[in-house]
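Colleague: next comes the sequence, and after it the predicted model I'd like to discuss.
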Amino acid sequence: MKSLLMRSPIAIALFWIGTYLLITVLPLFILLIYPPPGGRRFWVEFSVALGFIGLAMMALQFVITARINRIEASYGVDILLQFHRFTSLTAFLMVLIHPVMLFIVQPETRQLLNFFEAPWRARMAILGTLAFIVMVVTTIWRKPLRIPYEPWRMSHTILSVLAVGLGLGHALGVGNYLSLFWKNMLWTAMALISLWLIIYVRLIKPWMMSKKPYLVEAVTSQRGNVWTLALRPWGHDGFCFHPGQFSWLTLDITPFSMREHPFSMSSNGDHSGRIEFGIKALGDFTRTIKDIPPGTKAYLDGPYGVFTIDRYEDTAGFVLIAGGIGITPMLSMLATAAERKDDRPYLLIYANKTWDSITFREELEALEEKLDLKIVHVLREPPEAWKGEQGYIDKALLARYIPKYKGTRQYFICAAPKMMEQVEQALHNLNVPVTQVHMEHFNLA
Amino acid sequence: MRCNIMLQLVGFIALVLLVTAALFAWLQTRPNSGQNTEWEISQNTLY
Ligand SMILES: Cc1cc2nc3c(=O)[nH]c(=O)nc-3n(C[C@H](O)[C@H](O)[C@H](O)COP(=O)(O)OP(=O)(O)OC[C@H]3O[C@@H](n4cnc5c(N)ncnc54)[C@H](O)[C@@H]3O)c2cc1C
């Protein structure tokens, strides 16, 4: 079963979509067991159904984003987050259409908008919808609104709990469909499970992490404004990981602060005693890495992710395409493969600006000796005597290097979003099967 | 492209959910539903 699902991404997708739909609509149809007396108009019932579906979808978002390994293992965090965004927008539309439709078919319900005179059930609906609107606006336009990541994340959590809580309060307050005690309980249980997941992610998990600290062993400078941060587990064994996976890192503060950042491990996945990250100094947090003194406490939540060669043991070889800091998961894959004496061919196509800014250049050269590895450097600003590839990685360049029988390889891409898009499209145009192309997005927001 | 696939997928899910909502509304409003309402059930259990 497991290997069938591994080989057939379509089967996994169908399984999860089916589960998702079932969990969304089942609580709705349960409302039809011993239904309240009918007699309302079709559009009223339709609008109510949209309200319930919207609420169920909102509650399910907590499951999707709770970093549950089993769900994540099928797809990876970026695909899940994309699903989270689109389904949240769908839920948002349903939640908005629900009252608008009522206002149209039963104009008298418009009075409920008068916040000060409306009953509590309507007030809860208004407040819940407002929370939802603020959440959507601050998420879509976070950057133009100049909201930094961490305050945004905190407010996102609070607003989402408010939106679901008030939405449920509204449904219970109206009480038409939720008048029976057990229906009441069922929907409340759904909301409580969501709440529990938030508590788990924000409190219980950090507490478990605080029991397994790491110490910074060294911070070393690399080419390309990158710093290697090496951590050693303190008082426990650390963890092994599939090369290419990532962890959430908290440095020098308690894990309860929610100020964690995701980084791919760049070290050998089979060595649990020393875990390394290659971190590019790009922003507020990453620019502080170079000044972290050895001995600083760190916490890791991981490993996560499906961007790993370990999932494809039967494949004949790998094509790794990296741009800039996107090399970190690839380095981990190559270092691990070398030590495992993996004899399959690896092709690394690695794009950088200049010859001197190629992060881990020497480490990669050393790996060429130990592994069937071919490295193709692609430079945007090559030195004068440069004979290698230059410019951008495009279809023509890929066609020169990837093997004739394209389906015999697995393809991994990690780079800036624009480059990933272009490379993915180019591979597609070269008839590389979609299911054999794997991507890791460093930019989640 | 992935984004595109995801859009289509969520579009499909939204469609299924809309149809479900319509089905729900239809079940609740069809003239002769034949279903027992709560009231009828309580009557049945009484007699
Ligand atoms: C799966 C994954 C693996 C990654 N691996 C690496 C790696 O190996 N090396 C590396 O240098 N970078 C990696 N990144 C990117 C790294 O997480 C961000 O560069 C870093 O969090 C930026 O923080 P900052 O405060 O320095 O930047 P800022 O300038 O404050 O933020 C820049 C952008 O980074 C994102 N970001 C900021 N804080 C967070 C956060 N707490 N959680 C998630 N995203 C955030 C937001 O999109 C933000 O707009 C990875 C990201 C992901 C998702």
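Modeller: In hand now; what should we look at? Residues are numbered from 1 along each chain as shown, chains lettered A, B, ... in the order given.
Colleague: so what does A:Ile349 look like in phi/psi?
Modeller: As for A:Ile349, its main-chain torsions (degrees, to the nearest 10) stand at phi -110, psi 120.
Colleague: tell me which residues touch it, please.
Modeller: A:319-322, A:376, A:378, A:393, A:397-398, A:401 (C-beta atoms under 8 Å, 6 or more residues apart in numbering or on different chains). C-beta coordinates here come from the backbone N, C-alpha and C atoms, glycine included.
Colleague: any chance of the residues you listed in TSV, plus neighbour count?
Modeller: Shown next, in TSV, are those (neighbours: other C-beta atoms under 10 Å in any protein chain shown):
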residue	neighbour count
A:Val319	24
A:Leu320	27
A:Ile321	30
A:Ala322	28
A:Val376	17
A:Val378	20
A:Ile393	23
A:Leu397	19
A:Leu398	21
A:Tyr401	15
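Colleague: next step: those residues restricted to strands.
Modeller: A:319-322, A:376, A:378 (DSSP state E).
Colleague: I'd like to know which of the contacts of A:Ile349 is nearest to the ligand.
Modeller: Closest approach between the contacts of A:Ile349 and the ligand, by C-beta to the nearest ligand atom: A:Ala322, at 10.7 Å.
Colleague: how close does that closest one sit to chain B?
Modeller: Distance of A:Ala322 to chain B, given as C-beta to the nearest C-beta, to the nearest Å: 18 Å.
Colleague: backbone phi and psi for the residue of chain A found nearest the ligand, please?
Modeller: Nearest residue of chain A to the ligand (C-beta to the nearest ligand atom) works out as A:Gly283 at 1.9 Å. Dihedral pair for A:Gly283: phi -140, psi -170, per degrees, to the nearest 10.
Colleague: tell me, what's the model's pLDDT at A:Leu180?
Modeller: pLDDT for A:Leu180: 88.
Colleague: wouldn't it be in contact with A:Tyr34 here?
Modeller: Yes - using C-beta atoms under 8 Å, A:Leu180 makes contact with A:Tyr34 at a distance of 6.4 Å.
Colleague: the lengthiest helix in chain B - what's its average pLDDT?
Modeller: Taking DSSP state H as the criterion, chain B has its longest helix at helix B:2-29. When pLDDT is averaged along helix B:2-29, the result is 91.
Colleague: about what we covered before: I'd like the contacts of A:Ile349 as a markdown table, with distance to A:Gly173 appended.
Modeller: Shown next, in a markdown table, are the contacts of A:Ile349 (distance: C-beta to C-beta, whole Å):
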| residue | distance to A:Gly173 |
| --- | --- |
| A:Val319 | 57 |
| A:Leu320 | 55 |
| A:Ile321 | 54 |
| A:Ala322 | 54 |
| A:Val376 | 64 |
| A:Val378 | 61 |
| A:Ile393 | 57 |
| A:Leu397 | 62 |
| A:Leu398 | 59 |
| A:Tyr401 | 63 |
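Colleague: turn those into TSV, columns for distance to the ligand and pLDDT.
Modeller: Below are the contacts of A:Ile349 laid out as TSV (distance: C-beta to the nearest ligand atom, whole Å; pLDDT from 0 to 100):
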residue	distance to the ligand	pLDDT
A:Val319	20	98
A:Leu320	14	98
A:Ile321	16	98
A:Ala322	11	97
A:Val376	21	97
A:Val378	20	97
A:Ile393	19	96
A:Leu397	24	96
A:Leu398	23	97
A:Tyr401	24	97
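Colleague: what about the strands in the stretch 51-200 of chain A?
Modeller: Assigned by DSSP state E, counting those that start in this stretch, the strands in the stretch 51-200 of chain A number zero.
Colleague: about what we covered before: is chain A within reach of the longest helix of chain B?
Modeller: Yes - residues of helix B:2-29 contacting chain A under C-beta under 8 Å from any C-beta of the partner chain: B:2-3, B:6-7, B:9-10, B:13-14, B:16-18, B:20-22, B:24-29.
Colleague: are any of these buried, and which?
Modeller: Buried residues within those, counting neighbours by 16 or more other C-beta atoms under 10 Å in any protein chain shown: B:2, B:6, B:9-10, B:13-14, B:17-18, B:20-21, B:24-25, B:27-29.
Colleague: farthest-apart pair in those, please.
Modeller: B:Arg2 and B:Thr29 (40.5 Å; C-beta to C-beta).
Colleague: what comes up buried for the helix or strand A:Ile12 falls within?
Modeller: A:Ile12 is part of helix A:9-30 when elements are defined by DSSP states H and E. For helix A:9-30, a neighbour-count test (16+ other C-beta under 10 Å) marks A:12, A:17, A:20, A:24-25, A:27-28 as buried.
Colleague: now do stretch A:386-401
Modeller: A:389, A:393, A:397-398.
Colleague: now that stretch, how far from the chain's geometric center?
Modeller: 30 Å (C-alpha atoms, centre = their mean, to the nearest Å).
Colleague: anything in that stretch near chain B?
Modeller: No - for stretch A:386-401 and chain B, the contact criterion (C-beta under 8 Å from any C-beta) is not met; the two come no nearer than 14.2 Å.
Colleague: now the end-to-end length of that stretch.
Modeller: 18 Å (C-alpha to C-alpha, to the nearest Å).
Colleague: on that earlier part again, do the helix holding A:Ile12 and chain B meet at all?
Modeller: Yes - Helix A:9-30 reaches chain B (C-beta under 8 Å from any C-beta) through A:13, A:17, A:20-21, A:24-25, A:28-29.
Colleague: residues touching the residue nearest to the spatial centre of chain A, list them.
Modeller: Nearest to the mean C-alpha position of chain A, by C-alpha atoms, centre = their mean, lies A:Val77 at 2.5 Å. A:Val77 makes contacts with A:67, A:262, A:304-305, A:444, as judged by C-beta under 8 Å, 6+ apart.
Colleague: filter these to the buried ones?
Modeller: A:67, A:262, A:304-305.
Colleague: out of the residues you listed, the closest to chain B would be?
Modeller: A:Gly305 (15.7 Å; C-beta to the nearest C-beta).
Colleague: and A:Pro243, that's in a strand?
Modeller: No - counting by DSSP: H, G, I helix; E, B strand; the rest coil, A:Pro243 is located in no strand; its state is coil.
Colleague: confidence score at it?
Modeller: Reading off the model, A:Pro243 has pLDDT 97.
Colleague: burial check on it, number of neighbours?
Modeller: 27 (other C-beta atoms under 10 Å in any protein chain shown).
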